[in-house]
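**Student:** Fold the following for me, if possible:
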Amino acid sequence: MEIQAVKVRRLYLEVAGQIESQIKAGKISPGERLPSERDLAVKFDVSRPSIREAMIALEIAGLVEIRTGRGIYVVQKRSPHELKVRDEGPGPFEILEARRCLEAETVALAAARITQQQLLDLEEALREMENEGAEGGVTERADERFHCIIAEASHNSALAATVRWLWQLRNESEISTLFHQRVREEGVHPSVNEHRRIFNALKSRDPIAAKNAMRAHISRALDRDCALLDDGAGAIDPSESDD
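**Tutor:** Okay, the predicted model is just below:
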């Protein structure tokens with residue numbers, strides 16, 4: 001008896017795979033605009049973030065072009081080579097949701113356990129973010145460092161390793177890299193003010209305030225990122241935070 005390994009297939013890949021098949025079969029013509037995100041979510045019976053992730057995967061595969069605020073169009077000309085939507089791991093919205101759950105609890109632990117040196121390290125990361133903002137840079141090293149210092153400050157090696165892994169997924173996945181590049185192109189950068197609220201709660205050693213500040217920070221990033229591909233939603237407010 002031949003048995004194939006059972007694989008967990010991600011929702012956004014299911015959506016992307018079906019649209020890919022219709023494009024390749026000629027059921028959706030080059031230059032044609034895809035239905036709105038809202039309509040696709042209803043048709044596929046999935047969340048709108050899953051549709052957004054599917055569209056990014058299709059763009060990476062060279063099948064569609066995402067025009068912010070104008071819709072998503074099948075490309076006019078495609079490579080003669082076989083194009084395939086690949087499994088890039090968890091999508092950017094899945095990663096953000098996971099981080100919101102995990103980092104909100106992690107920062108609460110850190111509020112009770114953080115050392116003075118770690119507070120100094122966080123202040124340095126904040127200064128780096130401020131300098132990046134003043135210079136117009138879009139590097140995210142200080143942002144990542146800030147969150148990873150907090151994870152280390154929880155003094156829980158399992159939590160620290162998981163937070164670092166989620167950031168690694170964010171940085172190495174092609175779908176996440178393209179998405180966050182698009183976010184930067186819209187003029188959205190890490191919010192120093194939101195990070196400072198988290199820092200102040202840690203400095204006061206207030207677990208509840210730290211948890212609320214972290215959860216609000218990542219929730220805002222999710223809301224902002226959701227608006228990025230919203231059909232006709234208008235421009236993103238650059239004052240809104242990233243993650």
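**Student:** List the buried residues in the helix or strand bottoming out on mean pLDDT in the chain.
**Tutor:** Ranking every helix and strand in the chain by mean pLDDT, DSSP states H and E puts helix 174-185 at the bottom, with a mean of 78. By neighbour count on 16 or more other CB atoms under 10 Å, the buried set for helix 174-185 is 175, 176, 178, 179, 180, 182, 183. Every residue, glycine included, has its C-beta placed from N, CA and C.
**Student:** Please report the distance of the residue lying closest to the fifth one once chain neighbours are set aside from residue 76.
**Tutor:** What sits nearest to residue 180 in space, not counting adjacent residues and going by CB to CB, 6 or more residues apart in numbering, is residue 92, at 6.9 Å. Applying CB to CB, to the nearest Å, one obtains 27 Å for the distance of residue 92 from residue 76.
**Student:** So the two - more neighbours on which side?
**Tutor:** Between residue 92 and residue 76, residue 92 has the larger neighbour count (other CB atoms under 10 Å), namely 26 against 9.
**Student:** residues in contact with the more buried one?
**Tutor:** For residue 92, the contacting residues are 53, 56, 170, 173, 175, 176, 179, 180, 225, by CB atoms under 8 Å, 6 or more residues apart in numbering.
**Student:** Determine which two of these are furthest apart.
**Tutor:** Distance extremes for the contacts of residue 92: the farthest pair is 173 and 225 at 14.5 Å, using CB to CB.
**Student:** right, and out of the contacts of residue 92, which lies closest to residue 98?
**Tutor:** residue 170 (10.1 Å).
**Student:** what's the helix or strand for that closest one?
**Tutor:** In this assignment (DSSP states H and E), residue 170 forms part of helix 157-172.
**Student:** Show me what counts as buried in that helix.
**Tutor:** Those would be 159, 160, 162, 163, 166, 167, 169, 170, for helix 157-172 by 16+ other CB under 10 Å.
**Student:** Can I get these in a markdown table including distance to residue 17?
**Tutor:** Below are those laid out as a markdown table (distance: CB to CB, whole Å):
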| residue | distance to residue 17 |
| --- | --- |
| 159 | 34 |
| 160 | 36 |
| 162 | 29 |
| 163 | 31 |
| 166 | 25 |
| 167 | 28 |
| 169 | 21 |
| 170 | 23 |
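**Student:** Residue 18: which of the residues you listed is nearest?
**Tutor:** For the buried residues of helix 157-172, the nearest to residue 18 is residue 169 (24.7 Å; CB to CB).
**Student:** And the strands in this structure, which stretches?
**Tutor:** With DSSP state E as the criterion, the chain has strands at 64-67, 71-74.
**Student:** among those strands, which is nearest residue 103?
**Tutor:** Once these are compared by CB to CB, strand 64-67 is nearest, at 28.1 Å.
**Student:** For the closest one, C-alpha coordinates in PDB please.
**Tutor:** Extracted in PDB, the C-alpha atoms of strand 64-67 (Å, rounded to 0.1, in the frame of the first residue of the first chain):
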ATOM      1  CA  VAL A  64      -0.900  39.100 -10.800                       C
ATOM      2  CA  GLU A  65       0.000  42.800 -10.200                       C
ATOM      3  CA  ILE A  66      -1.200  44.400  -7.000                       C
ATOM      4  CA  ARG A  67      -2.100  48.100  -7.600                       C
END
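**Student:** Can you point out the buried residues in it?
**Tutor:** Going by neighbour count (16+ other CB under 10 Å), the buried part of strand 64-67 is 64, 65, 66.
**Student:** and it, how far out from the chain's middle?
**Tutor:** 18 Å (CA atoms, centre = their mean, to the nearest Å).
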